[in-house]
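A.B. asks: What follows is a predicted structure for the sequence shown.
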Amino acid sequence: MPNKDSCQKRIDELLADWDNSLSSSQWQRIDTLIDRRQFLLKSAALTASVAAAGLLLTACDVANTTGGSLPFQQIEPWRTLDAVQQHMFPTGVDSPGALEIRSIHYLKTLLESPGIEADDKSFIRNGVQWLNGITSELFNKSFYQLDAVQRETSLRRIENSRPGERWLSLNLKYVLESLLTAPVYGGNPEGIGWQWLEYQPGFPLPTEDKKYFNL
């Protein structure tokens, strides 16, 4: 069994490989994506009660991601992304979490839309492989198989690296987008996020043939 030092060395190597796999232009693109969505964090700040245990990487128990799942949620990368989102944005006593706002459905719609850059798609998708490589070193399991404490440990570990921090930031921003988006994009079913935030959306709402990437 590998000792702690060799495990840490391997994890550092994986994070370095992840960092080096992206060109400077790709890093610039990722940073731009994050900057474009800063208003979402400001919006979330208006609802400080969001997931009372904390927006980022809480250690709360996470809802079972297999019960009632659609088929796509049982395969990668969606299975891991779903587990990450639910850990980052858990269901509260009086607040919807990633599960209820269907953030994984929104992310899937977004990543499969023609308007998304290939680099953006690959960064989110490839992050699943890097994360599972690290959880394999730490616990000999994939991320979705971990308990809440192990998930927290794993995400905290990648949070301290440039690619890991950017990857988590983008995932969180996509979750917040799904909280506020029109339901036609896959998230926020029946306006559950709007109802919770007491937000009145603009009208008319987009229809299937009026999605922004179809215009």
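C.D. replies: Looks like it came in fine.
A.B. asks: can we go C-alpha only for contacts and neighbour counts from here?
C.D. replies: OK.
A.B. asks: Report the residue spans of the chain with pLDDT below the cut-off.
C.D. replies: Segments of the chain classed as low confidence (criterion: pLDDT under 70) are 1-3, 36-70, 209-215.
A.B. asks: Quick check: the gap between the residue most central in space within it and residue 203.
C.D. replies: Nearest to the mean C-alpha position of the chain, by CA atoms, centre = their mean, lies residue 171 at 2.9 Å. Going from residue 171 to residue 203 by CA to CA, to the nearest Å gives 28 Å.
A.B. asks: do the same with residue 157
C.D. replies: Distance, residue 157 to residue 203, using CA to CA: 43 Å.
A.B. asks: Equivalent analysis for residue 168, please.
C.D. replies: In this view, residue 168 and residue 203 are 32 Å apart by CA to CA.
A.B. asks: Among these two, which residue is more densely surrounded?
C.D. replies: Neighbours were counted for residue 168 and for residue 203 using other CA atoms under 10 Å; residue 168 has more, 22 against 6.
A.B. asks: still on that earlier bit, what sits against the residue nearest to the centre of the chain?
C.D. replies: Listed by CA atoms under 8 Å, 6 or more residues apart in numbering, the contact partners of residue 171 are 85, 124.
A.B. asks: Render the CA-only coordinates of the helix or strand containing it in PDB, please.
C.D. replies: According to DSSP states H and E, residue 171 maps onto helix 162-180. Output of helix 162-180 as PDB, limited to C-alpha atoms (Å, rounded to 0.1, in the frame of the first residue of the first chain):
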ATOM      1  CA  ARG A 162      -5.200  26.500 -10.100                       C
ATOM      2  CA  PRO A 163      -7.100  24.100 -12.300                       C
ATOM      3  CA  GLY A 164      -9.000  22.600  -9.400                       C
ATOM      4  CA  GLU A 165     -10.000  26.100  -8.100                       C
ATOM      5  CA  ARG A 166     -11.100  27.200 -11.600                       C
ATOM      6  CA  TRP A 167     -13.000  23.900 -12.200                       C
ATOM      7  CA  LEU A 168     -14.900  24.200  -8.900                       C
ATOM      8  CA  SER A 169     -15.600  27.900  -9.600                       C
ATOM      9  CA  LEU A 170     -17.100  27.100 -13.000                       C
ATOM     10  CA  ASN A 171     -19.200  24.300 -11.600                       C
ATOM     11  CA  LEU A 172     -20.600  26.500  -8.900                       C
ATOM     12  CA  LYS A 173     -21.400  29.200 -11.300                       C
ATOM     13  CA  TYR A 174     -23.200  26.800 -13.600                       C
ATOM     14  CA  VAL A 175     -25.200  25.700 -10.500                       C
ATOM     15  CA  LEU A 176     -26.200  29.300  -9.800                       C
ATOM     16  CA  GLU A 177     -27.100  29.800 -13.400                       C
ATOM     17  CA  SER A 178     -29.400  26.900 -13.200                       C
ATOM     18  CA  LEU A 179     -31.000  28.400 -10.100                       C
ATOM     19  CA  LEU A 180     -31.900  31.500 -12.100                       C
END
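A.B. asks: ok, then the element right after it?
C.D. replies: helix 192-197.
A.B. asks: by contact count, what packs against that next one?
C.D. replies: helix 162-180 (3 or more CA pairs under 8 Å, 6 or more residues apart in numbering; DSSP states H and E).
A.B. asks: quick one: the helix it packs on to chain centroid distance?
C.D. replies: Relative to its chain's centre, helix 162-180 lies at 5 Å (CA atoms, centre = their mean, to the nearest Å).
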